[in-house]
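**Q** Generate a structure from the sequence data that follows.
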Amino acid sequence: MIHKAVLVTGAGGLIGSKVIEMLQNLDVDVVATDIKNPDLACPFLAADFMDSSSVRALFDHPIGSIIHCGAISGPMLGRDDPAGTIRINVDGTVTLLEEVRKRQLGRFIYCGSIAAYGATGDVVGADPIKTSAPLAAADIYGASKAAGDMMVRAYVHDHGVDACILRIGWVYGPKRRTRSLIYNLIRNALDGHQTIIPHDGKHAIQQVHVDDVARGLVRAWQSNDIKGRVFNLTGGVRHAIRDIAALVASIVPDTRYQFTDGVAYPDVEQSLFDISETCKALDWKPEIPLDAGIRSYADWLQNNEF
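**A** This is a model prediction of the structure:
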């Protein structure tokens, strides 16, 4: 019998590269795919989700299961190309699901996003948001992740695909390419610059370290009896952006920042997401608190221009 590997999409990205590292530490055979070779220590196959034929060609190789991290990974990336965001995040996902269906492959793990929920109502004293909450994304990115999410569940329902979905929070940590609050604060502090934050900092977000995310995805790939299930995967805590900035300043010397008072953050408010079922079903919990994650990220950025 030919041994079949795990295909990890988005291999050059923040999450995909960490998933590959964790799978290799478990002695799992991995095949990586992305638009270009990220120079990882595993077999690599190039594919572009804008070109469905290149995605289908991946399955000329012995693939057994998929951890699908490849996507336009945030609203800041696809803002000027909404159609491209949809093609990559929705059509690309469906192309993979079709190959899983036709070839009767094993588990399909989908990297979803809490952006798919959109606004979740009153955040003061609200119960944590369960995965049964409606998807009401407010932007193209969130809508594309919601559409991919629904396609995965439809393929489970109609075709019996062994898939599950993890709706992931705001990811930070080493190798993140897109700029973020924590990155900007640390990088500017290291370079001797002040960070101008273009809003009042009152908005709260749910950060999660990339290591915790990758470990959750690997646990989902390993776990039994999760076909068709959906899990929230965040750090389990909401932090106001003002508090995050103050925490960075307490850890990283020479951090200087200034908020723009009177300007609200241009995103929806979201209540705390319920991760209790994630912890129970996947034998997982967030292990890296924000202060420890910031320290390790700052140490990494001191030695890596990224």
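
**Q** any idea of the pLDDT on residue 80?
**A** Residue 80 carries a pLDDT value of 79.

**Q** Please identify the helix or strand for it.
**A** Using DSSP states H and E, residue 80 sits in no helix or strand.

**Q** Same question for residue 102.
**A** Counting by DSSP H and E, residue 102 is part of helix 92-103.

**Q** from the middle of its chain, how far away would that helix be?
**A** 20 Å (CA atoms, centre = their mean, to the nearest Å).

**Q** Check the gap between residue 130 and residue 233 for me.
**A** 13 Å (CB to CB, to the nearest Å). (Glycine included, C-beta is placed from N, CA and C.)

**Q** Between those two, which has more neighbouring residues?
**A** The residue with more neighbours, out of residue 130 and residue 233, is residue 233; 31 against 12, by other CB atoms under 10 Å.

**Q** wait, isn't the more buried one in contact with residue 213?
**A** Yes - between residue 233 and residue 213 there is a contact at 6.2 Å, judged by CB atoms under 8 Å.

**Q** about what we covered before: which strands and helices lie in contact with the helix holding residue 102?
**A** helix 52-56, strand 63-68, strand 108-113, helix 140-159 (3 or more CB pairs under 8 Å, 6 or more residues apart in numbering; DSSP states H and E).

**Q** just to revisit the earlier point, what touches both of residue 233 and residue 213?
**A** By CB atoms under 8 Å, 6 or more residues apart in numbering, residue 233 and residue 213 have these common neighbours: residue 168.

**Q** For stretch 109-116, give the mean pLDDT please.
**A** For stretch 109-116, mean pLDDT rounds to 98.

**Q** Send me it as PDB with only the CA atoms.
**A** Provided in PDB are the C-alpha atoms of stretch 109-116 (Å, rounded to 0.1, in the frame of the first residue of the first chain):
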ATOM      1  CA  ILE A 109      -9.500  20.500   8.500                       C
ATOM      2  CA  TYR A 110     -10.700  24.000   7.600                       C
ATOM      3  CA  CYS A 111      -9.100  27.100   9.100                       C
ATOM      4  CA  GLY A 112     -12.200  29.300   9.600                       C
ATOM      5  CA  SER A 113     -12.300  32.700  11.300                       C
ATOM      6  CA  ILE A 114     -14.300  34.400  14.000                       C
ATOM      7  CA  ALA A 115     -14.700  37.200  11.300                       C
ATOM      8  CA  ALA A 116     -17.500  34.900   9.900                       C
END
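
**Q** start the count at 54, not 1, going forward
**A** Understood, numbering begins at 54; the last thing we discussed is stretch 162-169.

**Q** where's that stretch relative to the chain centroid, distance-wise?
**A** 7 Å.

**Q** again, but for stretch 147-166
**A** The chain centre lies 17 Å from the centre of stretch 147-166; the measure is CA atoms, centre = their mean.

**Q** That one: which residues count as buried?
**A** Using 16 or more other CB atoms under 10 Å as the test for burial, stretch 147-166 gives 147-153, 158-166.

**Q** Helices of the stretch 204-353 of the chain, residue ranges please.
**A** 234-244, 263-275, 294-304, 329-335, 343-356 (DSSP state H, counting those that start in this stretch).

**Q** Please name whichever of the ones you listed is nearest to residue 91.
**A** Ranking the helices of the stretch 204-353 of the chain by proximity to residue 91 (CB to CB) places helix 263-275 first, at 14.8 Å.

**Q** Cool, thanks, talk later.
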